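Visitor: Got a predicted model here, sequence first, then my questions.
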Amino acid sequence: MPLAQPPRDANGRVIPHDHPEIADADGVLRRISADLLVDDQKTGAKRISSIAYQASTGVHGGMSVDLERSVLDAGLDVAAFVTTPQWIGSVRFEAQFLRAEGFQVGFDPLPENSHHGEVWGAFSRGQRKRLQREAQWFVPIPNASTV
């Protein structure tokens with residue numbers, strides 16, 4: 001069943017909110033591009049940059065995500081949906097973890113992605129570090145770690 005439409009401001013932009021239809025156990029997927037990989041001096045391998053775990057700029061900027069349950073409910077292959085030539089991997093969080101960190105997890109459909117969501121909050125240094133530690137590969141990138 002599709003998610004109810006999110007609240008919007010007078011300009012039609014989605015207002016940060018905690019969407020009630022996104023259950024605590026639902027997966028929240030963050031796509032990872034090659035640009036978000038950096039060399040890890042300690043291991044000599046690649047790891048995901050901390051930049052991947054912060055809000056984008058903009059009026060209501062949040063961390064862009066895909067909502068796993070929404071993709072599944074549409075009958076799509078989630079791993080294939082979140083993987084493109086630009087987005088070579090993805091990590092997964094549970095909504096419950098994000099909420100426990102003080103974030104709002106909301107639905108923010110885009111014309112090109114009706115399963116898009118946002119994670120809104122302060123994204124303090126401590127929160128970003130905990131996001132890095134909690135991230136679990138959903139579509140792994142060979143020879144790269146999440147932290």
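Guide: Happy to help now that I have it.
Visitor: Determine the number of other residues adjacent to residue 77.
Guide: By the criterion of other C-beta atoms under 10 Å, residue 77 has 10 neighbours. (Glycine included, C-beta is placed from N, CA and C.)
Visitor: Show me where this structure has its helices.
Guide: Under the criterion DSSP state H, the chain contains helices at 68-73, 78-81, 95-100, 125-134.
Visitor: ranking the ones you listed by burial, who's on top?
Guide: The highest average neighbour count among the helices of the chain, using mean count of other C-beta atoms under 10 Å, belongs to helix 68-73 at a mean of 20.
Visitor: Run through the neighbouring helices and strands of that helix.
Guide: Packing partners of helix 68-73 (3 or more C-beta pairs under 8 Å, 6 or more residues apart in numbering; DSSP states H and E): strand 27-33, helix 78-81.
Visitor: Would you mind checking the average pLDDT for the last one?
Guide: Average pLDDT, helix 78-81: 98.
Visitor: Could you do the first one as well?
Guide: This predicted structure assigns strand 27-33 an average pLDDT of 97.
Visitor: Also stretch 40-49?
Guide: 89.
Visitor: With distance to residue 23 added, can I get the helices of the chain in a markdown table?
Guide: Converted to a markdown table, the helices of the chain look like this (distance: least, C-beta to C-beta, whole Å):
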| stretch | distance to residue 23 |
| --- | --- |
| helix 68-73 | 7 |
| helix 78-81 | 16 |
| helix 95-100 | 7 |
| helix 125-134 | 18 |
